[in-house]
Each structure stands twice: as structure tokens, then as C-alpha cells.
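**Q** what follows is a predicted structure for the sequence shown.
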Amino acid sequence: MSSSSSIDTARAAIKMAISNRDEEKKLKKQYSEKGISTGAVDFGGNFNNSIVNIIENTVVASKKENIIKNSHMHQGAVAGAVHDAIKQVMAHANGLNVGGKIGIARSGEHLVVTVFFGVGMLNLNEVAIGLSHRSIND
């Protein structure tokens, strides 16, 4: 795995989070050629009830896509990053229904998780994005 900068890795995570499924497959291939491992996972439901599931699903997707190793250190880094990203959008989403996508990217020691939320109430929709970076070793 070659090492891109944290900024390049963050861009990849953001693009994965805002992509549709067709775009996601193309991006995954493009980033792989640049040495950036990527993955994404969808989510939805009541924000307060979904937080634990969002964290768990992000860790599972990270392992499934071989972005991280199956170690408590790597899993903890992903869980911490997605939790921090969720906290950034909490004020917009608290108590409301949300749907969106998590983008995950890793290059070398840089791990970035982005949460892209659509927050709905009646026909009023808000959009929020949160991002967090962690540094991990192999």
C-alpha cells in the first residue's frame, strides 16, 4: 500500500460517501490503483437508535473490504473515527430520521471516515457531513 497524504485520503472518503453505487465501484478501482483502500456502507433510521449500528456496520465494512486488519487496535480506530464524525452532525440529526452513507478510506497510516447524512423531517431535508482522521500502523 503506497502512502497518500491525509488530504488525499480524506478526499477519497468524502467521494465514497457521496457516490451512488455505480460511481462507488469505479472510484474503488481508481483509488486502489493509487494505493488507497476504500469502502462504503449505507445506513438509515432514527438517528438516536442508529448510532451503535452505524459504528458496528462501519467496522464490519472496513474489515470486509480489507481496509483494516482484524485487530482491536484497527477496529477501535475505525469505531473512534466514525463516532467522532457522527458527533460532528449530531446537532442536526438528534431525534430525527436519517439516511445516508459512510465513506471509509485508508492509505498507509492514514484512515479517514466520512459520514454523509440526509436528515428528514416532514418534507424538509437537511444535509450534513462529518469527517474524522486516525493514524494507524500495520
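**A** On my side now, so go ahead.
**Q** quick one: buried residues of the longest helix seen in the chain?
**A** Looking across the chain with DSSP state H, the single longest helix is helix 72-93. By 16 or more other Cβ atoms under 10 Å, the buried positions in helix 72-93 come out as 74-75, 77-79, 81-86, 89, 92-93. Where you see a C-beta, it was placed from the backbone N, CA and C, and this is true even at glycine.
**Q** try stretch 20-36
**A** Buried, per 16+ other Cβ under 10 Å, within stretch 20-36: Glu24, Leu27, Lys28, Tyr31, Ile36.
**Q** okay, who's weakest in the buried residues of helix 72-93 by pLDDT?
**A** Least confident of these in the model: His92, at 85.
**Q** nearest residue to that one other than its sequence neighbours?
**A** In this structure, His92 finds its nearest non-sequential neighbour in Ala128, 4.3 Å apart by Cβ to Cβ, 6 or more residues apart in numbering.
**Q** try Leu131
**A** Using Cβ to Cβ, 6+ apart and skipping residues adjacent in sequence, the residue nearest Leu131 is Thr114, 4.7 Å away.
**Q** tell me the SS of the residue nearest to His92?
**A** strand (DSSP: H, G, I helix; E, B strand; the rest coil).
**Q** wait, it touches Leu96, no?
**A** No - taking Cβ atoms under 8 Å as the definition, Ala128 is not a contact partner of Leu96, at 10.5 Å.
**Q** for the chain, what spans make up the helices?
**A** Counting by DSSP H, the helices of the chain are 6-18, 21-33, 47-64, 72-93.
**Q** got those as TSV, with distance to Ser107 columns?
**A** Compiled in TSV, those are given as follows (distance: least, Cβ to Cβ, whole Å):
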stretch	distance to Ser107
helix 6-18	5
helix 21-33	9
helix 47-64	14
helix 72-93	14
